[in-house]
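Undergrad: Sequence and predicted model, in that order:
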Amino acid sequence: MSRNDFFVFWVVILVLPCTIQVYGQVESSEIQHTENESALYESPSGLEEAILQQTNLSGVGLTIINEDPFFRMQLQPEVNLGKIGFGLGFVVLYNPSAENDEDKIFTEDAENWDNPSSYLRTVRYVRFGHLGDSFYTRFGELDYVTIGYGFIMSGYSNHDRRGIRLNLSNDTKKYGVETVINNVSNPTVFGGRTYIRPLQKEHESAILNRLEFGGTYLTDIDPSWGNQNEDPLVALGVDVGFPIIHNRLMRVNLYDEIAFLNTKPTSDSSGMIELASGNAIGIGLSIFQALFKVEYRTFGEAYRPTIFDYTYDAAKANVPDFLGKDTDTQIDGPGRGFFSLLAWRPTPMVHLLGTFEDYNTTEPKLYIGVTESGLVDKMSFRAFYVKRNIGEPDTGYPDGIGSKDPLFFEDLFRLDEKSAFTVRIGYEAYAPIEVAVIREFRFRQVEKPDKSFGFEPIRKTTVEVGVSLKF
């Protein structure tokens, strides 16, 4: 199957679930679905909250990180009291073969207990409200953060650091703001978006009421991990959204976003830095328990669509990979291509999420997530996979093992520095005791000799036995 065949296959996968949902439920859903249910996936905020809902055990187990074994003990209770919720993530790894006592006790990813970030991770999250409420704030781990329509930040992760998410709006959502800080102990990525619906009036339901204008500012003050002479990365955006259908059965939105990045290395005669720019025109369809989005994106030299994505922090130290450019191919004219997203909840126990990006100046990028709990008796399953620059030369080429031009599918399923992967399978062996096996290929933060921080990939396998403490 070629790259083009895969794109066609992906489009079919995106459209088919929505078609099935419409065909099977269109006649009866007006009665069966409430306003809140139909809006579950109205926006990326619903996706973010679904992804953050995880099962974490309190108990004991064994962890192997890069072939090094550790015994583990963990206490991970979770309390939800309506709008207020919090969860602990106290995990201790013990290395019995270490020669020095100080090298025997580690954090979740075999990091030392030697900085504020290590201790902050014992608090997995504290939240007030829910995404979509007029007031929502969350301190803790952040996964799949999307700001606005996602042309600048979509699917961003702080890789188990402790950040802050804060959303504010008035009761009618006439105006509001959404913000993010990636790491309270060492903030580098932060910013947000503000929006207004200037034509909104109380007690009227005309479509023009939901005409929305927004502005985005996001920055990374350390875009190359410790390079003191480099300017911050700054992203600016303006957008407009217009709903053409908005009822209990279906919501269809058109939107357009223009964004700017200071990634171009050249400057004009006045010394002003040229800004790289891009544009995304999209349509979003929310119907029953499915959300479908497709965007046509065009952009100039040195612009990277969705620059703040899941692998951003791990990839940004390598400038060619960071820009995602194919340095062996010179393409005249602007970059262009498509972004697509499907989120679907076929049953209350199953969540599916997939995104695919493909442009003429970069290699494709894929994100897939699946969460299942209770569909099979006593079983639970969670998995996600992200891969950027699919088909570019292997990171080991030419010095190590790898090929200069790997096949699309050969590279698609290879775990390397361009990818992240997690799968968790749980089984309730004897209630309430659960056994879980977790396999991960992801990134952990490391401190470099110059005292700057970066990320490195790790391979991690965990077997744990315990109970889920949810109150």
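TA: Good, I have the coordinates.

Undergrad: how about the helices of this protein, start to end?
TA: Using DSSP state H, the helices of the chain run over residues 3-25, 29-32, 35-38, 44-52, 116-120, 312-315, 319-323, 408-412.

Undergrad: Pull the residues that contact the fifth one.
TA: Under the contact criterion C-beta atoms under 8 Å, 6 or more residues apart in numbering, helix 116-120 has outside partners T107, E111, N112, W113, R161, R162, N183, V184, S185, N186, Q445. For every residue, glycine as well, the C-beta is placed using N, CA and C.

Undergrad: Where does confidence bottom out across the residues you listed?
TA: Lowest pLDDT of the contacts of helix 116-120: Q445, 74.

Undergrad: Reformat the contacts of helix 116-120 into TSV and put neighbour count next to each item.
TA: As requested, the contacts of helix 116-120 are arranged in TSV below (neighbours: other C-beta atoms under 10 Å):
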residue	neighbour count
T107	22
E111	18
N112	12
W113	13
R161	23
R162	25
N183	22
V184	16
S185	14
N186	14
Q445	21
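
Undergrad: In strands, which of those residues fall?
TA: In strands, judged by DSSP state E, the following of the contacts of helix 116-120 are found: Q445.

Undergrad: Tell me the one of the contacts of helix 116-120 nearest R382?
TA: Here the nearest of the contacts of helix 116-120 to R382, counting by C-beta to C-beta, is R161; it sits at 20.5 Å.

Undergrad: Hmm, I181 and the closest one touching each other?
TA: No - applying C-beta atoms under 8 Å as the test, R161 and I181 come out as separate, 10.0 Å apart.

Undergrad: Mean pLDDT lowest where, among the helices of the chain?
TA: Between those, the lowest average pLDDT goes to helix 29-32, which shows a mean of 31.

Undergrad: about what we covered before: and of the contacts of helix 116-120, the nearest to V437?
TA: Ranked by distance to V437 (C-beta to C-beta), the contacts of helix 116-120 are led by T107 at 20.9 Å.

Undergrad: Just give me the neighbour total for N170.
TA: N170 sits with 10 neighbouring residues when counted by other C-beta atoms under 10 Å.

Undergrad: try the one 10 residues further on
TA: The local packing of V180 (other C-beta under 10 Å) involves 24 other residues.

Undergrad: So in terms of bridging, what pairs with it?
TA: On the basis of DSSP bridges, V180 takes part in beta bridges with R165, G191.

Undergrad: so what's it up against?
TA: 142, 145, 147, 153, 156, 163-166, 189-192, 218.

Undergrad: these two touch, right, V145 and I164?
TA: No - the pair V145 and I164 fails to qualify as a contact (C-beta under 8 Å) at a distance of 10.9 Å.

Undergrad: For those two, indicate the residue with more neighbours.
TA: The residue with the greater number of neighbours, taking V145 and I164 and applying other C-beta under 10 Å, is V145; the counts read 25 against 18.

Undergrad: one step back: pick out the lowest-pLDDT one from the contacts of V180.
TA: When the contacts of V180 are sorted by pLDDT, the bottom entry is L142 at 87.

Undergrad: For that residue, give me its contacts.
TA: L142 makes contact with Y156, S157, N158, G163, R165, V180, N182, according to C-beta under 8 Å, 6+ apart.

Undergrad: Run a quick neighbour tally on S134.
TA: Applying the criterion other C-beta under 10 Å, we find 13 residues in the vicinity of S134.

Undergrad: what's the closest non-adjacent residue to it?
TA: S169 (5.1 Å; C-beta to C-beta, 6 or more residues apart in numbering).

Undergrad: circling back to that earlier point, for the contacts of helix 116-120, work out which two are farthest apart.
TA: Based on C-beta to C-beta, the longest span within these runs between N112 and V184 and measures 19.3 Å.

Undergrad: one step back: make sure the residue nearest to S134 is actually in contact with Y136.
TA: No - proximity of S169 to Y136 does not meet the contact threshold set by C-beta under 8 Å, at 9.2 Å.

Undergrad: Between these two, which contacts overlap?
TA: Once C-beta under 8 Å, 6+ apart is applied, it turns out that S169 and Y136 contact no residue in common.

Undergrad: All good on my end, thank you.
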